[in-house]
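**Q** Okay, structure incoming, though there's no sequence with it:
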């Protein structure tokens, strides 16, 4: 059962049970919807973007532990980052959960490194990040993992 | 003296002698080589039979034997192998005819699966005979494959869908069904057994009601065909669709049964070889049924494999299959229900071996992953029945579905694995 604890680390369970930034920030000016048709995960990600810097981030929706924790950790990780920095983090996050990168320098996001052993769950982990990219590009249409 | 007089029945479980016939099941299990594999280092408990069933040796051998000894194209060659291939292919058609008790083998059309069978009816029958304002009745518990082909047809013709509502137990509301009929109703397309809930619909009564009004009925038999005897003449259904791979047969082969009177008036679904009698640039004469609907080289090996699967089920016998699967369902329902926080979705009076459930505080996808690591294979998701999930206010459920080779021991593993999920999530 070591694999199981790799996937469901305490940080993930904590962020699933008590998601951080689980609301729409008052001054949000970018939004995108994400949907994973495979398991029915749905989330809305809100960003407050000022002078190219993400001042605030929040999300709403429902999903599995991996997608919810990933969204929660994302909102914490991208606050104060520039658009370019957030997209760079996304790229490193994708590399990490697909087993092509390292969890070093990923901070709390490293809790999701175990996903690389579970290819079926990569979409759950990356849904929030794809949605963030859509929000940063000011795409208001729903994005999907398919 | 009965056994129960000696041994107290614990936890209100049905007595052991009701849990199928353990010896028979152990024999059946030996016929399925894949049941011996391990996943994540533990033995496999395959409880995803509503998605697809595993294949017995005689099915695997039939395809292998065909490719090793008889492979050739059917219905055209003059040489010996072509004749052997044609004979085996047509023999499979007759086996399927007997499985569903069709009046003639010509009423058995080989297709890719249930989905293609329904699309065939929508595009050939529906597109030819339906017009704007016509109504097609489907139910709120349909698989997407019995919704989307009709939606496409509605876009093409201006016909509209009417939906039979589902009650809180996961049964169709029969009175509401009755009220849906009017002078515009052209077809009823309904599932025989719900893939997400296991509900067995009262299809005989539903067909009678439709026929009183002169409306034909299509049954989606994907989830019924391996779990109960199907008699298309007894039901008097007009179309019956099913897939080989849910019947312990190969993927990529399925069947559309239709009454010959309907097939005769329906135009071809696809054009190509085998479906014609003669072709000229002035016009083409179509072949007779069933070939009119089988354009191109068919899935010959698949059909032969399906024929072998029909043989397998016939040898086992539906009486034994039903007895075992119903005992297993009842044992699993009682066992899973006792897990605190679990809610079973779909409590119809008449069900096949499908157990859909949710667990308070844990998403079905997480249940699926944790069960998988313990060797228990189930499905988690919307089961291609999103309108039904919406009806229950859910985005997904976890679903265990049983086949003839599943055991009480595997149900116990499922329950233990669910307890482990609760432990991991602290619920």
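**A** Now that the structure is in, tell me what you want to look at. Computed from a prediction, not measured in an experiment: that's the story for all the values here.
**Q** is residue B:286 in a bridge, and if so with what?
**A** Beta-bridge partners for residue B:286, by DSSP bridges, are residue B:276.
**Q** pretty sure it contacts residue B:295?
**A** No. Contact criterion Cβ atoms under 8 Å: residue B:286 and residue B:295 do not qualify, at 10.0 Å. C-betas here are computed from N, CA, C, even on glycine.
**Q** Mutual contacts of the two, please.
**A** Residues touching both residue B:286 and residue B:295 by Cβ atoms under 8 Å, 6 or more residues apart in numbering or on different chains: B:268, B:275.
**Q** ok but residue B:257 is inside a strand, no?
**A** Yes. With DSSP: H, G, I helix; E, B strand; the rest coil as the criterion, residue B:257 is part of a strand.
**Q** so how far is chain A from it?
**A** 32 Å (Cβ to the nearest Cβ, to the nearest Å).
**Q** Show me what from the stretch 51-200 of chain B comes close to chain A.
**A** Residues of the stretch 51-200 of chain B lying near chain A by Cβ under 8 Å from any Cβ of the partner chain: none.
**Q** Low-confidence bits of the stretch 51-200 of chain B, can you list those?
**A** Under the criterion pLDDT under 70, no range of the stretch 51-200 of chain B is flagged.
**Q** For the residue in chain B that chain A sits nearest to, list the residues it contacts.
**A** Ranking the residues of chain B by distance to chain A (Cβ to the nearest Cβ) places residue B:395 first, at 3.2 Å. Taking Cβ under 8 Å, 6+ apart, we find residue B:395 in contact with A:39, A:40, A:41, A:42, A:62, B:382, B:389.
**Q** what about it, is that helix, strand or coil?
**A** Classification of residue B:395 using three-state DSSP returns coil.
**Q** Strands of chain A, residue ranges please.
**A** Assigned by DSSP state E, the strands in chain A fall at A:30-36, A:41-50, A:53-62, A:143-144.
**Q** Let me have these in CSV, adding distance to residue B:352 as columns.
**A** Shown next, in CSV, are the strands of chain A (distance: least, Cβ to Cβ, whole Å):
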stretch, distance to residue B:352
strand A:30-36, 29
strand A:41-50, 29
strand A:53-62, 30
strand A:143-144, 32
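**Q** Go through those and name the closest to residue B:230.
**A** Ranking the strands of chain A by their distance to residue B:230 (criterion: Cβ to Cβ) puts strand A:30-36 first, at 35.9 Å.
**Q** Mind giving me the packing neighbours of the closest one?
**A** For strand A:30-36, the elements it packs on are strand A:41-50, helix A:122-136, strand A:143-144, judged by 3 or more Cβ pairs under 8 Å, 6 or more residues apart in numbering or on different chains; DSSP states H and E.
**Q** Not counting sequence-adjacent ones, nearest residue to whatever residue of chain A ends up closest to chain B?
**A** Relative to chain B, the nearest point of chain A is residue A:40 (3.2 Å; Cβ to the nearest Cβ). Leaving aside its sequence neighbours, residue A:40 sits nearest to residue B:395 (Cβ to Cβ, 6 or more residues apart in numbering or on different chains; 3.2 Å).
**Q** Then residue B:386?
**A** Distances taken as Cβ to Cβ, 6+ apart put residue B:144 closest to residue B:386, at 7.1 Å, once the chain neighbours are dropped.
**Q** tell me the domain ranges of chain B?
**A** Chain B breaks down into these domains under automatic domain parsing: B:3-47+B:317-425, B:59-315.
**Q** For those domains, could you give me CSV that also reports distance to residue A:86?
**A** Shown next, in CSV, are those (distance: least, Cβ to Cβ, whole Å):
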stretch, distance to residue A:86
domain B:3-47+B:317-425, 26
domain B:59-315, 36
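**Q** Name the nearest residue to the residue sitting nearest the centre point of chain B, ignoring sequence neighbours.
**A** What sits nearest the mean C-alpha location of chain B, by Cα atoms, centre = their mean, is residue B:222, with 1.8 Å. Of all residues not flanking residue B:222 in the chain, residue B:114 sits nearest, at 4.3 Å (Cβ to Cβ, 6+ apart).
**Q** ok now do residue B:236, which residues does it touch?
**A** Residue B:236 is in contact with B:207, B:208, B:211, counting by Cβ under 8 Å, 6+ apart.
**Q** Count the residues that sit near the last one.
**A** Read that as residue B:211. Counted by other Cβ atoms under 10 Å in any protein chain shown, the residues lying close to residue B:211 total 15.
**Q** same question, the second one
**A** By the criterion of other Cβ under 10 Å, residue B:208 has 13 neighbours.
**Q** That one should be in a helix, yeah?
**A** Yes. Assessed with three-state DSSP, residue B:208 lies in a helix.
**Q** measure stretch B:49-59 end to end?
**A** End-to-end span of stretch B:49-59 (Cα to Cα, to the nearest Å): 17 Å.
**Q** Contacts for it next, please.
**A** Under the criterion Cβ under 8 Å, 6+ apart, residues B:31-35, B:46, B:195, B:223, B:226, B:245-251, B:305, B:308-309, B:311-312, B:353-354, B:379, B:383, B:399, B:401-403, B:405-406 lie in contact with stretch B:49-59.
**Q** Tell me which residues of it come out buried.
**A** Neighbour counts over stretch B:49-59 (16 or more other Cβ atoms under 10 Å in any protein chain shown) mark B:49, B:50, B:51, B:52, B:53, B:54, B:55, B:56, B:58, B:59 as buried.
**Q** Thanks a lot, see you next time.
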